[in-house]
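Trainee: Any chance you can model this:
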Amino acid sequence: MTISKWNVLVVEDESDSMELVQGILSYYGIHSVGAVSAEEALQILKTTTPTLMIIDLALPGLDGWQLLKQLQANKSLQRVPKVAITAFHSPELAEQAIAAGFHAYFAKPIDATSFVRELQAILEG
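Mentor: Prediction:
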């Protein structure tokens, strides 16, 4: 699938991080929709199925881990790749995220030069 046909859901409660992630995606011509909470993301997912989801682990209310569990329980969303992002990086947390079912893990701040290339590898994988 070409990058220009992607539809990415970005679930991020911090405006600076949301702006950065969506800015990187936009630079590469990738369409994205933002949600500031897991609850908002779940509402958006009632009417659209994204190509990929980028989820902050430390969300208010339902956190990224809880959102992942709900997404995994939804048959129509099980095959959509889910990527974790967090400012609270550790090697152990990265391992836990992959073990929980995230397809990839990125520590903030996001490295703009490799981010989209790695997302593309996930979608082509």
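Trainee: Any chance of the backbone angles for the residue nearest to the spatial centre of the chain?
Mentor: What sits nearest the mean C-alpha location of the chain, by CA atoms, centre = their mean, is Ile54, with 0.6 Å. In terms of degrees, to the nearest 10, the main-chain angles of Ile54 are phi -110, psi 120.
Trainee: isn't it right next to Glu12, touching?
Mentor: Yes - taking CB atoms under 8 Å as the definition, Ile54 is a contact partner of Glu12 at 7.4 Å. (C-beta placed from N, C-alpha, C; glycine too.)
Trainee: Quickly list what's touching both of the two.
Mentor: Here Ile54 and Glu12 have Val21, Ile85 as joint contacts, going by CB atoms under 8 Å, 6 or more residues apart in numbering.
Trainee: gap between Tyr27 and Leu119?
Mentor: Distance of Tyr27 to Leu119, computed by CB to CB, to the nearest Å: 13 Å.
Trainee: Who has more neighbours out of those two?
Mentor: Each of Tyr27 and Leu119 has its neighbours counted (other CB atoms under 10 Å); Leu119 has more, 25 against 10.
Trainee: and that one, that one's in a strand?
Mentor: No - if the criterion is DSSP: H, G, I helix; E, B strand; the rest coil, then Leu119 is helix and not within a strand.
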